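Undergrad: can't give you the sequence, but here's the structure:
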């Protein structure tokens with residue numbers, strides 16, 4: 001045992017100093033431990049967040065509790081991680097909130113400031129605010145360029161390319177991806193993963209430019225690199241894009257294997273949005289390989305289900321693929337049903353997707369004859385088209401200004417004389433004043449032009465609606481007149497045919513009476529025995545003619561009666577039924593058939609029994625129900 005050989009006062013002083021030192025050391029260690037925990041937590045979130053955001057939910061809640069006593073670097077990491085998390089979940093307000101909190105902590109760190117500005121620009125792009133996004137990216141580019149931070153420059157150029165790609169500016173997208181790759185290659189030890197990612201993005205740009213052969217070659221090259229780097233997320237993403245490229249290159253057998261592998265990998269990492277895109281590729285493959293419509297529609301429905309599950313801002317874009325397919329197959333009712341079922345996703349869709357969505361709904365409603373809803377959706381389609389056109393013009397003006405500034409800068413560098421520099425500066429100021437005035441004038445002209453176009457479009461839609469409604473009313477009136485005319489003609493024909501039948505019946509009766517009178521003469525008494533045979537033959541002849549005309553008037557009468565009651569009617573019954581159908585009285589029937597009124601009445605009672613009718617009115621109504 002070690003023993004202090006000092007005076008009591010000195011021992012007490014040293015003992016107190018040791019205790020104080022130990023206490024301070026413990027406090028510092030605890031504080032350092034807490035910092036390390038939050039740092040590690042933020043790093044874990046960065047690793048998990050891209051593959052499965054939901055897996056990071058609990059850790060995100062912990063990151064929100066980071067105390068203000070933590071150093072700014074760790075708090076920055078925490079807030080950035082939370083901002084990215086909410087951005088992936090499409091909760092943009094929360095994402096902006098935490099990214100701006102992170103931005104406040106980067107005043108002394110230009111690298112972090114630039115990276116956070118880039119993330120804010122990504123959110124702007126997702127909202128379809130491309131000009132704002134490009135403005136933020138240009139601002140964020142200044143610091144990396146001054147500090148020769150090639151990695152930072154590359155990431156910003158890559159995001160600029162994504163903006164131009166979203167605006168369907170394929171040339172701009174390719175240009176900035178090439179710049180991003182050039183910046184990465186300038187690094188002493190290039191980040192192989194980032195370089196491969198940018199090459200993969202470049203392959204996407206070539207795919208968008210319809211350069212399928214070069215895109216396929218580059219996708220296969222980057223897929224091999226991602227496999228070597230064991231980056232599962234980018235392997236799955238590369239397979240997804242390669243499948244799309246092979247489909248466009250008509251290599252369906254190879255595309256089938258790649259799409260199936262992509263689906264398997266994307267489901268394994270739990271990215272529902274990308275799974276939805278893979279199902280879209282599968283639907284396209286099924287269409288191109290002549291699979292059944294059921295298989296094609298199943299792939300589309302799976303895509304929409306996965307996109308909805310991910311609350312993806314691409315849900316409407318994915319839905320549009322399905323709606324286009326349904327319109328091609330003229331299934332307009334289903335287009336309307338699906339369009340209305342997915343209205344909740346409209347708020348997160350970009351303008352291009354909304355433009356296509358309203359166009360598809362407008363076509364469907366028009367095909368179904370619902371002109372009111374067709375006009376409403378086509379009006380929105382036209383308004384969004386004007387907005388997109390105006391946005392593209394603004395981007396074109398911005399690019400023109402950027403190119404002009406580069407030309408001016410190049411000329412300034414070539415001229416070193418101070419006086420000339422001052423003169424040029426004045427010229428530049430004047431030019432910008434002129435350009436500003438011109439920009440204002442152009443903006444005013446574009447505003448009024450768009451306003452006039454909108455008014456014109458609205459008037460055309462209203463005029464179209466009125467014309468369609470007038471045409472519809474006229475068609476209805478004409479159809480009503482035609483129906484009345486046909487009904488009148490039918491009634492006239494029936495009346496004529498009834499008269500002919502009655503006349504035929506009466507002719508039979510008259511001939512029968514003449515025979516009776518002849519037979520009553522004394523010299524003809526020897527023919528009395530054959531009189532009944534002659535009358536029967538004459539009655540049968542007229543009955544055949546009568547029956548033929550009667551069936552011309554009521555072709556299904558006897559068939560419906562026998563179907564309803566069975567084959568219980570004699571030929572005599574059928575004669576009586578026909579005359580009752582013509583609404584003859586009992587006396588007229590007796591006269592027509594040359595029988596007594598009592599016999600005719602008795603026969604009517606028998607028929608009522610067979611028809612199971614208790615009253616003559618009921619019998620007449622039931623008889624008239626058969627045609």
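TA: All right, it came through fine. For clarity, every value in this text was computed on a predicted model and none was experimentally measured.

Undergrad: continuing past the helix or strand residue 543 falls within, what's the next helix or strand?
TA: If you go by DSSP states H and E, residue 543 is part of helix 528-553. Heading C-terminal from helix 528-553, the first helix or strand you meet, by DSSP H and E, is helix 557-565.

Undergrad: For that next one, list every residue counted as buried.
TA: 557-558, 561 (16 or more other Cβ atoms under 10 Å). In short, each C-beta sits where N, CA and C put it, glycine included.

Undergrad: Now do whichever helix or strand comes after that helix: which elements does it pack against?
TA: Counting by DSSP H and E, the next helix or strand C-terminal to helix 557-565 is helix 571-581. Applying 3 or more Cβ pairs under 8 Å, 6 or more residues apart in numbering; DSSP states H and E, we find helix 571-581 packed against helix 528-553, helix 557-565, helix 586-592, helix 597-610, helix 616-624.

Undergrad: average pLDDT across the shortest one?
TA: This predicted structure assigns helix 586-592 an average pLDDT of 88.

Undergrad: Kindly report the same for the second one.
TA: Along helix 557-565, the predicted local confidence has a mean pLDDT of 90.

Undergrad: Repeat that for the first one.
TA: Averaging the model's pLDDT scores along helix 528-553 yields 63.

Undergrad: show me where pLDDT drops low in the chain?
TA: Applying pLDDT under 70 to the chain flags residues 1-36, 50-54, 386-421, 424, 489-542.

Undergrad: Using the three-state scheme, assign the most centrally placed residue in it.
TA: What sits nearest the mean C-alpha location of the chain, by Cα atoms, centre = their mean, is residue 319, with 3.1 Å. Put simply, residue 319 is helix when judged by DSSP: H, G, I helix; E, B strand; the rest coil.

Undergrad: can you check residue 108 too?
TA: coil.

Undergrad: Leaving aside the residues adjacent along the chain, what's closest to it?
TA: The shortest distance from residue 108 to any residue other than its chain neighbours is 7.7 Å, reached at residue 72 (Cβ to Cβ, 6 or more residues apart in numbering).

Undergrad: What separation is there between the one you found and residue 66?
TA: Counting by Cβ to Cβ, to the nearest Å, the gap from residue 72 to residue 66 is 11 Å.

Undergrad: same question, residue 468
TA: On the measure of Cβ to Cβ, residue 468 and residue 66 end up 62 Å apart.

Undergrad: Look at those two and report which has more neighbours.
TA: The neighbour comparison of residue 468 against residue 66 (other Cβ atoms under 10 Å) goes to residue 66, with 20 against 16.

Undergrad: which residue packs closest to that one, ignoring adjacent ones?
TA: Nearest non-adjacent residue to residue 66, counting by Cβ to Cβ, 6+ apart: residue 78, 4.4 Å away.

Undergrad: same for the one helix or strand the one you found maps to, what does it pack against?
TA: Using DSSP H and E, residue 78 sits within helix 72-88. On a contact count with 3+ Cβ pairs under 8 Å, 6+ apart, helix 72-88 meets helix 8-49, helix 57-63, helix 92-104, helix 110-126.

Undergrad: what number of residues lie near residue 271?
TA: 25.

Undergrad: Now the phi/psi pair for it, please.
TA: Backbone geometry at residue 271, expressed as degrees, to the nearest 10, gives phi -90, psi 90.

Undergrad: wait, it sits on residue 236?
TA: Yes. Using Cβ atoms under 8 Å, residue 271 makes contact with residue 236 at a distance of 7.3 Å.

Undergrad: And the residue nearest to residue 108, how far from residue 79?
TA: Distance, residue 72 to residue 79, using Cβ to Cβ: 10 Å.

Undergrad: what's the answer for residue 368, then?
TA: For residue 368, the distance to residue 79 - Cβ to Cβ - is 51 Å.

Undergrad: Check residue 472 too.
TA: From residue 472 to residue 79 the distance is 60 Å (Cβ to Cβ).

Undergrad: of these two, who's got more company?
TA: Using other Cβ under 10 Å as the criterion, residue 472 and residue 79 rank with residue 79 on top: 24 against 12.

Undergrad: Just give the closest residue to the more buried one, not the sequence neighbours.
TA: Per Cβ to Cβ, 6+ apart, closest to residue 79 is residue 102, 3.9 Å.

Undergrad: and the one you found, how many residues sit next to it?
TA: Using other Cβ under 10 Å as the criterion, residue 102 is surrounded by 25 other residues.

Undergrad: give the contact list for it.
TA: 76, 79-80, 83, 112, 116 (Cβ atoms under 8 Å, 6 or more residues apart in numbering).

Undergrad: rerun that using 10 Å as the cut-off
TA: 72, 75-84, 112-113, 115-116, 119-120 (Cβ atoms under 10 Å, 6 or more residues apart in numbering).

Undergrad: How about residue 358?
TA: 339, 346, 376-385.

Undergrad: Please tell me how far it sits from residue 375.
TA: From residue 358 to residue 375 the distance is 11 Å (Cβ to Cβ).

Undergrad: With residue 40 instead?
TA: 59 Å.

Undergrad: Wait, residue 321 touches residue 282, no?
TA: No. The pair residue 321 / residue 282 is not scored as a contact, 11.3 Å apart, by Cβ atoms under 10 Å.

Undergrad: Name the residue in those two with the higher neighbour count.
TA: Neighbour count, other Cβ under 10 Å: between residue 321 and residue 282, residue 282 has more, with 26 against 19.

Undergrad: So the more buried one sits against residue 296, correct?
TA: Yes. With contact defined as Cβ under 10 Å, residue 282 and residue 296 form a contacting pair (9.0 Å).

Undergrad: got the contact list for the nearest residue in space to residue 596 that is not next to it in sequence?
TA: Setting aside the residues directly before and after it, residue 596 is nearest to residue 590 in space (Cβ to Cβ, 6+ apart), at 5.9 Å. Shown in contact with residue 590 (Cβ under 10 Å, 6+ apart): 509, 579, 584, 596-601, 603.

Undergrad: Select only the buried ones of the residues you listed in ChimeraX?
TA: Restricted to buried positions by 16+ other Cβ under 10 Å, the ChimeraX selection for these reads:
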select :509,579,584,600,603
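
Undergrad: re earlier: would you mind giving the buried residues of helix 557-565 as a markdown table with distance to residue 265 added?
TA: Formatted as a markdown table, the buried residues of helix 557-565 follow (distance: Cβ to Cβ, whole Å):
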| residue | distance to residue 265 |
| --- | --- |
| 557 | 72 |
| 558 | 73 |
| 561 | 72 |
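
Undergrad: List the buried residues in stretch 182-200.
TA: Quick answer for stretch 182-200 (16+ other Cβ under 10 Å): 183-184, 190, 194-200.

Undergrad: List the ones among the residues you listed that fall in helices.
TA: Here DSSP state H is the test, and these give 183-184, 194-200 as lying in helices.

Undergrad: What is the burial count for residue 586?
TA: Residue 586: 18 neighbours (other Cβ under 10 Å).

Undergrad: I meant residue 100, not that one.
TA: 13.

Undergrad: Just to check, it is in contact with residue 76?
TA: No. Between residue 100 and residue 76 there is no contact under Cβ under 10 Å: 12.0 Å.

Undergrad: Which residue is the nearest non-sequential neighbour of residue 68?
TA: residue 75 (7.6 Å).

Undergrad: repeat for residue 244
TA: Nearest one to residue 244, counting by Cβ to Cβ, 6+ apart, is residue 281 at 5.6 Å.

Undergrad: just how off-centre is the host helix or strand of that neighbour within its chain?
TA: In this structure, residue 281 sits in helix 272-288 according to DSSP H and E. When C-alpha coordinates are averaged (Cα atoms, centre = their mean, to the nearest Å), helix 272-288 and its chain have centres 15 Å apart.

Undergrad: Could you check it and say which residues are buried?
TA: Buried, per 16+ other Cβ under 10 Å, within helix 272-288: 272-287.

Undergrad: What's the first helix or strand after that helix?
TA: Downstream of helix 272-288, the next assigned helix or strand under DSSP H and E is helix 293-309.

Undergrad: helices or strands up against that following helix?
TA: helix 252-269, helix 272-288, helix 315-328, helix 332-341 (3 or more Cβ pairs under 10 Å, 6 or more residues apart in numbering; DSSP states H and E).
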